[in-house]
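Visitor: Take a look and give me a structure for this.
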Amino acid sequence: MKRNIVLAITGASGVVYAVRLLDVLVAAECDVQITISTAGQAVLRQELGIDVDLEEFQLDSLLPTSKELATADRFKRLRALVGVDNWQTGAIASRGGGGEPGTVRYHHYQDFFAAIASGSALTDGMVVCPCSGGTLSAIAHGASGNLIHRAADVHLKERRKLILVPRETPLSVVQLDNMRRAAEAGAVVLPAMPGFYQGVHTICDLIDFVVARICDQLGVKQSLMKRWGEE
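Guide: Model prediction:
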């Protein structure tokens, strides 16, 4: 049975983690419901040179589905950043999969009538990646100002997996307290802090470390990194 995962992209640095995560989830045959804030849209453009239209969303603008799309000018920056020369399906070469790829459904960040705004719509978990300080604060305090906040609130109240991936340093007392509040409410706080013990040859290895840990929390099988103790 396919897993149904919600992915929210907000306005913190490190949006490449989200693009790679989407690629891996689809390759792992997960159905993904994606929503992107305006700040997330701006970071996609600033860090990766990817323009996403939030009003008329096209998946090809975020995740190429063919070699032709993968070699388009707007993805050259992403390829250079992560050190991947031979792209396969998706923005970055996926490892694993082999079955029927998952689907992607988009929800506008202001659409409170989207299915993920209700607890009656079943999912297998939600990831906010990257998670901005403002989004963290809204989630920690139950302030549902947009669909991302509301969907996260739903996952907390329904006791479903909610993973927050902050990427900020240093951290203020306010941010640390918001992380504590979110963790006490049931969220998993998973900072984008890659390890080095698995063998690092490219930036992609560091990105995959964080993405692999997210997948582990979601129960999604992956082979992105060498685990501690593995030969």
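Visitor: list the buried ones in stretch 191-205?
Guide: 191, 192, 194, 198, 204, 205 (16 or more other CB atoms under 10 Å). Just so you know, the C-beta spots here come from the backbone N, C-alpha and C atoms, and that holds for glycine as well.
Visitor: Identify the residues contacting the third one.
Guide: Which is residue 194. 206, 207, 209, 210 (CB atoms under 8 Å, 6 or more residues apart in numbering).
Visitor: helices and strands around the lengthiest helix in the chain, which ones?
Guide: Secondary structure of the chain per DSSP state H: the longest helix is helix 203-218. When contacts are defined as 3 or more CB pairs under 8 Å, 6 or more residues apart in numbering; DSSP states H and E, helix 203-218 packs onto helix 16-27, helix 73-82, strand 126-131, strand 162-166.
Visitor: what are the phi and psi angles of residue 45?
Guide: phi -70, psi -40 (degrees, to the nearest 10).
Visitor: Pretty sure it sits against residue 61.
Guide: No - taking contacts as CB atoms under 8 Å, residue 45 lies outside contact range of residue 61: 10.7 Å.
Visitor: Stretch 102-109: how far from the chain's middle?
Guide: 12 Å (CA atoms, centre = their mean, to the nearest Å).
Visitor: Return the set of buried residues in it.
Guide: So, applying 16+ other CB under 10 Å, buried residues of stretch 102-109: 102, 104, 105, 106, 107, 109.
Visitor: worst-scoring helix or strand of this structure, pLDDT-wise?
Guide: Ranking every helix and strand in the chain by mean pLDDT, DSSP states H and E puts helix 67-70 at the bottom, with a mean of 46.
Visitor: one step back: which residues do residue 45 and residue 61 both contact?
Guide: Contacts common to residue 45 and residue 61, judged by CB under 8 Å, 6+ apart, are 51, 52.
Visitor: Give the residue spans of the protein that score low on pLDDT.
Guide: Within the chain, the stretches with pLDDT under 70 are 1, 64-99.
Visitor: please redo it, this time with the cut-off set to 80
Guide: Residue ranges of the chain with pLDDT under 80: 1, 63-100, 230-231.
Visitor: show me where it has strands.
Guide: Under the criterion DSSP state E, the chain contains strands at 4-9, 31-36, 104-106, 126-131, 162-166, 188-189.
Visitor: Could you say which of those strands is packed most deeply?
Guide: Stretch with highest mean neighbour count among the strands of the chain: strand 126-131 (a mean of 29; mean count of other CB atoms under 10 Å).
Visitor: before we move on, the earlier item: which one of the contacts of residue 194 is nearest residue 151?
Guide: residue 210 (21.3 Å; CB to CB).
Visitor: got the contact list for that closest one?
Guide: By CB under 8 Å, 6+ apart, residue 210 lies in contact with 17, 165, 190, 192, 193, 194.
Visitor: Could you rerun that using 7 Å?
Guide: 17, 192, 194 (CB atoms under 7 Å, 6 or more residues apart in numbering).
Visitor: how much space between it and residue 129?
Guide: Remark: distance between residue 210 and residue 129 (CB to CB, to the nearest Å) = 9 Å.
Visitor: go on, residue 113?
Guide: Taking CB to CB, one finds residue 113 at 24 Å from residue 129.
Visitor: How about residue 11?
Guide: Relative to residue 129, and taking CB to CB, residue 11 is found at 12 Å.
Visitor: Over to residue 123?
Guide: 15 Å.
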